Structure formats: C-alpha cells, structure tokens
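Chemist: have a look at this fold, sequence not included:
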C-alpha cells in the first residue's frame, strides 16, 4: 500500500508565543510536527507494518520544515517531499492546491497513492479545511475526524468523531482521511531511527516542478493579537433584588452583552 501523509510544522503550543507588529515573531518559539499530523503519521506507519508498502511525507514550508520531516523519517517514513517556494505559501486554499499538485505530480511519475492521511486540523489555524480541499482537488472521497480505521483489501471502515458522538463510514480506496485525537498513540523516535533519519534524502520541489505558477491566497490575515488579560471576578453583595439589578447594569454598560 502506498500511503501519503500531509505534514505541517507548527509552533509548539506549550511554548510562549511572542507577538510583534500584528504577527507572531517568526523566529521565536520551538516548532514541532502539528499534533494532529502525528496521529496521521502514526496510523500510516502502522498500516505499512501490517499491510506493507511505503509511507511518503509531503510538507509545504521553508527550509526549517526539514526538522519535522526528519522526525517523520525517525518514526518510520520512507520518503519525503518538501515544497519550498514562497510563491505557493498562504492560506488553506493555496496550501491545498500545492499539496494536491505534488501528489498528482508523483502519481504521474510512477508513484501512485492508495491512501492519503492528514491531521484533522492544524493547531495554529484550526480551520480543518486542508484534508477536504485536497481530496476534492484529487477527485477522491474523504472521511473526516477518524478515530478508528480498518482496511481490508480496498474496503475501508472508519469510525468518526461527530460533535461528541460517532458514526461509522464505509468507503473504498483511493481515499483521504483526516486523523482525530484518539485514533492511536503516536510513538516517539528512537535513537537508531534518529541517526538513520539524518542520512535520508528529502526531495525539494518548487512551484514549477509541481506544475504550478504562483497562487494568490483567497484570504489574508491583516493582524494577529493576543487576547486581553483576564479580569478578576467581582463579588456581588446585598439583597438578591439589588444584586440582580447591579448584574444587569454591568452586563449592559460594561460588558455590553445586553
């Protein structure tokens, strides 16, 4: 089975985020593999161990994203592609176009895919658009927020998280799924895996090499800012009627929610 995993490098959510001039400081903070992509990668490795085949990681990002790819190598990925071209960096629309183009380019060159896995969302944007967009561009079905996956031949059964409940979906290959928390428990890289990962080759592609020109984003972020500091609570005193009147006044005049 030939499996493609779409991987993203994000800021570590446990690190302190520093803002400057309406954006996140570019060189501040530790960067890691997007946590939801960890579930996708782990599931791909497990499927390879069970069914055979190869796992290819495809990532869109600058040179520093190689660190995320090396982590994937250390865990068990076989091949990797880094799309390093500022002309195709942007919003979910642009990212999906680039990743789908890279997958199509590999398929046309004799490296087809049976299954594409991606994280349910990225922790920096949280839009959950990447997987469905890529599936649409590839012309294949997708199943989102998968928490359990079973593959027998070309038949796929997926259990999905649906707003606190779950549903079971049957599909066939080729297919794209997005991995939700609970799908598996991602493994840690081993020391031998880390050493081997340093020697593996990363295929770096530009826009022209995946058959694309520069793509304009559909959306633009004008400014990013931290939420205001949390205000201390206020204790109401007096008779219940007076407390109620004061609460209504505060909600109307200060909180402005009435």
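Modeler: Structure received. Remember, predicted model here, so these are calculated numbers, not experimental data.

Chemist: name the helix or strand for residue 193, please.
Modeler: helix 191-197 (DSSP states H and E).

Chemist: buried stuff in the following helix or strand past that helix?
Modeler: Sequence-wise, the next helix or strand downstream of helix 191-197 (DSSP H and E) is strand 203-205. Residues of strand 203-205 classed as buried by neighbour count (16 or more other CB atoms under 10 Å): residue 205. Heads up, the C-betas are built off the backbone N, CA and C, glycines and all.

Chemist: what average pLDDT does the helix holding residue 193 get?
Modeler: Taken as a whole, helix 191-197 carries a mean pLDDT of 95.

Chemist: same question for stretch 249-258.
Modeler: In this model, stretch 249-258 has a mean pLDDT of 87.

Chemist: residues making contact with the helix holding residue 193?
Modeler: 70, 71, 73, 74, 75, 76, 189 (CB atoms under 8 Å, 6 or more residues apart in numbering).

Chemist: in CSV, list those residues along with neighbour count, secondary structure and distance to residue 147.
Modeler: Listed next are the contacts of helix 191-197 as CSV, based on neighbours: other CB atoms under 10 Å; DSSP: H, G, I helix; E, B strand; the rest coil; distance: CB to CB, whole Å:
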residue, neighbour count, secondary structure, distance to residue 147
70, 19, helix, 28
71, 22, helix, 23
73, 25, helix, 26
74, 21, helix, 25
75, 23, helix, 20
76, 20, coil, 21
189, 16, coil, 24
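
Chemist: how about the strands in the chain?
Modeler: 2-7, 9-11, 19-20, 23-24, 31-33, 54-60, 79-83, 115-119, 142-152, 155-162, 165-172, 175-179, 203-205 (DSSP state E).

Chemist: now mean pLDDT and distance to residue 215 too, for the ones you listed, in a markdown table please.
Modeler: Formatted as a markdown table, the strands of the chain follow (pLDDT from 0 to 100; distance: least, CB to CB, whole Å):
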| stretch | mean pLDDT | distance to residue 215 |
| --- | --- | --- |
| strand 2-7 | 97 | 17 |
| strand 9-11 | 88 | 20 |
| strand 19-20 | 72 | 27 |
| strand 23-24 | 68 | 21 |
| strand 31-33 | 90 | 24 |
| strand 54-60 | 97 | 11 |
| strand 79-83 | 96 | 12 |
| strand 115-119 | 97 | 19 |
| strand 142-152 | 96 | 21 |
| strand 155-162 | 95 | 30 |
| strand 165-172 | 95 | 29 |
| strand 175-179 | 97 | 20 |
| strand 203-205 | 95 | 14 |
